[in-house]
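# okay, sequence plus prediction incoming.
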Protein chains: 2
Amino acid sequence: MSKVTIYDVARVADVSLATVSRVLNNPEKVKPKTRERVLAAISELGYRPNAIARGLASRRSTNVGLIVPTCSRASVSEMIDGVADIADKYRYSVFLNVTHSENDIASNIWQNMIASQVDGVLMMADNLSEEESDRLLNDNVPTVLLSIKDTDGRVPAVLIDYEQAAYEATKKLIENGNKDVAFLTSSSYFEMNDIKEKGYRRAISEAGLEPRILALYGKFENSARDFKHFFETEKAPQAALAVRDSIAVMFMNAAIEHGISVPSELEIIGFQNTKYALMSRPQLSTINIPTYDIGAVAMRLLTKLMKEEDIEDTQIHLPHSFVWRETTKK
Amino acid sequence: MSKVTIYDVARVADVSLATVSRVLNNPEKVKPKTRERVLAAISELGYRPNAIARGLASRRSTNVGLIVPTCSRASVSEMIDGVADIADKYRYSVFLNVTHSENDIASNIWQNMIASQVDGVLMMADNLSEEESDRLLNDNVPTVLLSIKDTDGRVPAVLIDYEQAAYEATKKLIENGNKDVAFLTSSSYFEMNDIKEKGYRRAISEAGLEPRILALYGKFENSARDFKHFFETEKAPQAALAVRDSIAVMFMNAAIEHGISVPSELEIIGFQNTKYALMSRPQLSTINIPTYDIGAVAMRLLTKLMKEEDIEDTQIHLPHSFVWRETTKK
DNA sequence: TTGAAAGCGCTAACAG
DNA sequence: CTGTTAGCGCTTTCAA
């Protein structure tokens, strides 16, 4: 709330406000001696340029908008940390918008302000309609998608090749000798899970096996009960790939309580490599996703986009890896 | 990036820009007929007021700053969701700043911008020095602390009575007949953990028992190994209260692997009621903390502070509760 | 190398 | 109820 303005600095340094502005923005265009005088005045008065006024005059806010469906999912909160770190490094401020998966982004408040006070947007969503990606393109504010991509790849994005990751994991399960390999997915629709399912199906079909999709019926909170019911009424698979670590662990717990031994009778692989995987017993084998890096790389890409640098490739794929722990054989 | 300004709207609606501004900010001061004409022009042109210009002219940004040590801790990410929801409701935008526990907030970039472009600040920190709280007071921008409080309670805050919660949990453990009740805390310094420890010590001392503090030596990642070593070299306690669910679960896993049976030989209570507690086996008894609400209530308090409403009580304590699951007897 | 002057798009008295 | 007129604090030509 400092009330000292650029005029005060100019007066104290005995220069015009234009000069003060210059030492702030183009210091090399000011004679060293004058510059020092101005700098001295600035620190003497504790002057801090008013970012809003600067934004108005320069028509650039050095703010970016970050849109996420929620914060309380490890996959997004870690990503936010990545975004925040890099934004900080480049002196950008980040506006956080939590959409709660409300699909129509246009109707959302963010448009109101995004349009007028951010230089770029980072968007993570559980799914993205074609309309929405059209809108992103039309609003011509630089945008980077995190973890998802638009159908025709026109919007810059940073993501993991989930299809390939799921494919490889499924293949591993098949190679371990399992014929009945299930895919555990969530009931609510996540585009990302569809992509993982594709990879699973590819591996299954290549091996000439039958796919078996098990979807959580409802909320995560009930999954313990739901999985218990599953094991009581249906034949247990020999192996399973889950779309998230948490689902993998819940499934495993239910299996173990049903007397199934892991991994000898049931192998399980999770997705993400969260703390859940470390804390389960047996410890979960899982696919490691560089969540933090997705955020960091996306923010870095956005800075380039905002500077209108030429980008070779605007669709960046980050590598995944596997962490073999105790829920898989060998 | 819409380039239509308030002048365009004024021209199309055939009024002055002041009238347009009025229908935006004080619609009741405009004749309904005129108002409709203006509204029509607004939607016809797709006009969106430029928040930056508005901020400059009105000296209010409708932005709040949110400072957190990290996002990737359940206790903070859920809180952020709470903040974001309420901010949204009151039409405030939130600037996210991740400090990574760098203690000196003054040295941080946030001061630069916070001072000039936010109407209020929400701050969560792992600890708060007296200097820092002084600074918060001096900068006279409305501020609310989350989960922590300053030593002399001058800064508005929303928090849980961690001391009492830990006291009650410890007491329960003692009432269950345990004499050797340990307190599991983290090695790095968190003010909050000290407060919990106080509650633990109060219960222990009231019962005439000896306190036993077990601090993690290093990083969470190594705690499995560290706890294993603990059980191999030291006498296991009969019960334990942990400062976080994750620590409780890691400790429990190590105990079980050492052949100790839970809860018959070792009772454990965690803190927070995260998903970890649901996913462990046996399922963790824990202290439920309304994390989301801390954020929501703090944001609501901040809106009042920003409106300079009179607040009865600026230190709001939210209630905790207990969730008895499988790691405690009875 | 520096200063003068014209806005950026909007709000907020003040008149009328 | 509506219009006129000053700015908000800064950037940015354009001259000097």
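Yep, it's here. Numbers count the residues shown, from 1 in each chain, chains lettered A, B, ... in the order given.
# how many neighbours does A:Gln164 have?
As a burial measure, A:Gln164 scores 16 neighbours (other Cβ atoms under 10 Å in any protein chain shown). Where C-beta positions appear, they are placed from N, C-alpha and C, glycine not excepted.
# and the one 10 residues further on, by the same measure?
If you count neighbours by other Cβ under 10 Å, A:Ile174 ends up with 18.
# so which residues on the stretch 151-300 of chain A come close to chain B?
With the criterion set to Cβ under 8 Å from any Cβ of the partner chain, the stretch 151-300 of chain A comes near chain B through A:220-221, A:224, A:246, A:249-250, A:253, A:256-257, A:275-276, A:278-281.
# list only those of those flagged as buried.
A:220, A:224, A:246, A:249-250, A:253, A:256, A:275-276, A:278-281 (16 or more other Cβ atoms under 10 Å in any protein chain shown).
# and of these, the nearest to A:Glu44?
A:Glu44 lies nearest to A:Lys275 out of those, by Cβ to Cβ, at 49.4 Å.
# hang on, the earlier thing: quick one: which of the residues of the stretch 151-300 of chain A next to chain B is nearest DNA strand C?
A:Phe220 (43.2 Å; Cβ to the nearest atom of the strand).
# ok, that closest one - contacts?
A:Phe220 makes contact with A:Ser246, A:Ile247, A:Met250, B:Lys275, according to Cβ atoms under 8 Å, 6 or more residues apart in numbering or on different chains.
# hmm, back to that, with respect to A:Leu301, which of the buried ones among the residues of the stretch 151-300 of chain A next to chain B is nearest?
Distances from A:Leu301 to those, taken by Cβ to Cβ, are shortest for A:Lys275, at 27.9 Å.
# what residues does A:Phe251 make contact with?
A:Leu184, A:Ser223, A:Phe227, A:Ala240, A:Ala242, A:Ile268.
# any figure for the gap between A:Phe271 and DNA strand D?
From A:Phe271 across to DNA strand D, the span is 46 Å (Cβ to the nearest atom of the strand, to the nearest Å).
# returning to what we had before: so among the buried ones among the residues of the stretch 151-300 of chain A next to chain B, where is pLDDT lowest?
pLDDT is lowest at A:Phe220 among those; the value there is 76.
# give me the phi and psi for that one.
phi -60, psi -40 (degrees, to the nearest 10).
# helix or strand right after the worst-scoring helix or strand of chain A on mean pLDDT?
None of the helices or strands of chain A scores lower by mean pLDDT, DSSP states H and E than helix A:109-117, at a mean of 63. Remark: after helix A:109-117, the chain's next helix or strand is strand A:120-124, criterion DSSP states H and E.
# how about the helix or strand hosting A:Leu241 as CSV, C-alpha atoms only?
Element membership for A:Leu241 (DSSP H and E) is strand A:239-242. What follows is strand A:239-242, C-alpha atoms only, in CSV (Å, rounded to 0.1, in the frame of the first residue of the first chain):
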residue,chain,number,x,y,z
ALA,A,239,-4.0,-58.8,-12.9
ALA,A,240,-5.2,-55.2,-13.1
LEU,A,241,-4.1,-51.8,-14.3
ALA,A,242,-5.8,-48.9,-12.6
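# what sits up against that strand?
Counting by Cβ under 8 Å, 6+ apart, A:166, A:169-170, A:173, A:176, A:178, A:180-185, A:196, A:200, A:214, A:248, A:251, A:266-271 sit against strand A:239-242.
# still on that earlier bit, redo the contacts of A:Phe251 as TSV? Include neighbour count, distance to B:Thr291 and pLDDT.
Formatted as TSV, these follow (neighbours: other Cβ atoms under 10 Å in any protein chain shown; distance: Cβ to Cβ, whole Å; pLDDT from 0 to 100):
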residue	neighbour count	distance to B:Thr291	pLDDT
A:Leu184	27	27	96
A:Ser223	25	21	85
A:Phe227	23	26	93
A:Ala240	27	31	98
A:Ala242	29	26	97
A:Ile268	29	29	98
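# okay if I get those residues as JSON lines plus distance to B:Val4?
Output for these, formatted as JSON lines (distance: Cβ to Cβ, whole Å):
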{"residue": "A:Leu184", "distance to B:Val4": "50"}
{"residue": "A:Ser223", "distance to B:Val4": "50"}
{"residue": "A:Phe227", "distance to B:Val4": "55"}
{"residue": "A:Ala240", "distance to B:Val4": "55"}
{"residue": "A:Ala242", "distance to B:Val4": "49"}
{"residue": "A:Ile268", "distance to B:Val4": "56"}
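# for these, which one is nearest A:Asn25?
Closest to A:Asn25, out of all of the contacts of A:Phe251 and judged by Cβ to Cβ, is A:Ala242, at 52.0 Å.
# show me what that closest one bridges to in the sheet.
Beta-bridge pairing of A:Ala242 under DSSP bridges involves A:Leu184.
# picking up where we left off before, list just the nearest of the buried ones among the residues of the stretch 151-300 of chain A next to chain B to B:Leu318.
Nearest member of these to B:Leu318, counting by Cβ to Cβ, is A:Phe220, at 24.1 Å.
# for that closest one, give its distance to A:Asp226.
Distance, A:Phe220 to A:Asp226, by Cβ to Cβ, to the nearest Å: 10 Å.
# do A:Lys329 as well
Taking Cβ to Cβ, one finds A:Lys329 at 27 Å from A:Asp226.
# do A:Met279 as well
In terms of Cβ to Cβ, A:Met279 sits 21 Å off from A:Asp226.
# go on, A:Thr328?
Taking Cβ to Cβ, one finds A:Thr328 at 24 Å from A:Asp226.
# A:Ala40: how many residues sit nearby?
13.
# same check, this time on A:Asp14
11.
# likewise A:Ile260?
A:Ile260: 15 surrounding residues under other Cβ under 10 Å.
# ok, the one 3 residues further on next?
Applying other Cβ under 10 Å, we find 19 other residues in the vicinity of A:Pro263.
# ok, now which ones touch the closest residue to A:Asp150 other than its chain neighbours?
Spatial nearest neighbour of A:Asp150, chain neighbours left out: A:Ser133 (3.5 Å); criterion: Cβ to Cβ, 6 or more residues apart in numbering or on different chains. Shown in contact with A:Ser133 (Cβ under 8 Å, 6+ apart): A:Asp150, A:Thr151, A:Asp152, A:Arg154, A:Val155.
# same thing but 7 Å
Neighbour list for A:Ser133: A:Asp150, A:Arg154, A:Val155 [criterion: Cβ atoms under 7 Å, 6 or more residues apart in numbering or on different chains].
# distance of the residue of the stretch 101-250 of chain A found nearest DNA strand D from DNA strand C?
Closest contact between the stretch 101-250 of chain A and DNA strand D, by Cβ to the nearest atom of the strand, is at A:Asp119 (12.7 Å). Distance from A:Asp119 to DNA strand C, counting by Cβ to the nearest atom of the strand: 15 Å.
# ramachandran angles for the spatially closest residue to that residue that is not a sequence neighbour?
On the basis of Cβ to Cβ, 6+ apart, the spatially nearest residue to A:Asp119 that is not a chain neighbour turns out to be A:Met306, at 5.1 Å. Here is the backbone geometry of A:Met306 (degrees, to the nearest 10): phi -70, psi -30.
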